[in-house]
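Participant: Sharing a model prediction with you, sequence too.
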Amino acid sequence: MSAEPEFPDELLLHDPGHGARLVGEFYEQYHETVDYRAICNQQEEQKTRFCREKLKALGHDERSLGLEVGCRGGVIIKLVGLIRWLGVDIDEKALEVARASGIACTTMDFTFGIGCRDASFDAVMMTEVLEHLPFPSITVREVHRILKPRPQSLFFGSVPLDYHLHRRWKVMRGKRLSGDQTHVHHFSFRELDQLLRFYFETVDYLPLTGTATRYPRLPLSYNLFVRDMAWVASAPRSNVGRWGLGRM
């Protein structure tokens, strides 16, 4: 009986951190001209006010512990405040800025998983991050895992929505959905809502841009008339299942 063929070991890299370094270098290069201390736009104040209100409503204070995944220079942590925040990011240059502003943070590649222990946090924050990750359902499952299984635990975040009417018209004219090369996932509101409600009992939304924000009294579809969306999802579901291939 012939021996089972083996892949030549001398051709293997044997470098467990190789992928993380590539991703980290990419974001360092992509962010070379970024001012990590600056507020990106006026949406940040809207989002952080929304988050603070929900944190207070759920009874959080300085005794609660939160994690910002993709904290960059720590601007959002400083704006939200209210509880004790930690930060993780893959961009070491961004973390240097965060540390200089007094934020406890560490380097982490969260492309596929979040390297924190189960039930460690009262809140998790990810603003403008999920669209940069290949498998959001894995990431949100990880958020669910590291949150404490309490009704008060919350997940705050924001993403651009890429299937509103304006973007659909762009695609019909042969354009790309998004001009940002770091966006590897393109959300519709329906997909985002399905994903969050799969893991959380309660989800509240704050439309940030789009026709629906200019005409809030009209019953306009979030799926067609919102370009950027923030959310607070709370009360992690117990005993969640797994996504089926057709769920999304």
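Facilitator: Arrived safely. Numbers count the residues shown, from 1 in each chain.
Participant: Show me where the protein has its strands.
Facilitator: Assigned by DSSP state E, the chain shows strands spanning 65-69, 84-89, 104-107, 123-127, 154-160, 200-209, 228-236.
Participant: want to throw these into a markdown table with mean pLDDT and distance to residue 220?
Facilitator: The C-beta positions use only the backbone N, C-alpha and C, and glycine is treated the same way. Formatted as a markdown table, the strands of the chain follow (pLDDT from 0 to 100; distance: least, C-beta to C-beta, whole Å):
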| stretch | mean pLDDT | distance to residue 220 |
| --- | --- | --- |
| strand 65-69 | 96 | 31 |
| strand 84-89 | 95 | 34 |
| strand 104-107 | 94 | 39 |
| strand 123-127 | 95 | 24 |
| strand 154-160 | 94 | 17 |
| strand 200-209 | 93 | 9 |
| strand 228-236 | 95 | 13 |
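Participant: could those strands be laid out in TSV, adding mean neighbour count?
Facilitator: Converted to TSV, those look like this (neighbours: other C-beta atoms under 10 Å):
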stretch	mean neighbour count
strand 65-69	23
strand 84-89	21
strand 104-107	16
strand 123-127	26
strand 154-160	25
strand 200-209	18
strand 228-236	22
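Participant: Would you mind confirming that residue 104 makes contact with residue 88?
Facilitator: No. In this structure residue 104 lies outside contact range of residue 88 using C-beta atoms under 8 Å: 10.2 Å.
Participant: now the longest helix along the chain and strand 154-160, what's the angle there?
Facilitator: Identified as the longest helix of the chain according to DSSP state H is helix 43-57. Going by axes from the mean of the first three to the mean of the last three C-alpha atoms, to 10 degrees, helix 43-57 is angled at 160 degrees with respect to strand 154-160.
Participant: quick one: which of the strands of the chain is nearest residue 184?
Facilitator: Closest approach to residue 184 among those is made by strand 154-160 (12.2 Å; C-beta to C-beta).
Participant: Thank you kindly, that will do.
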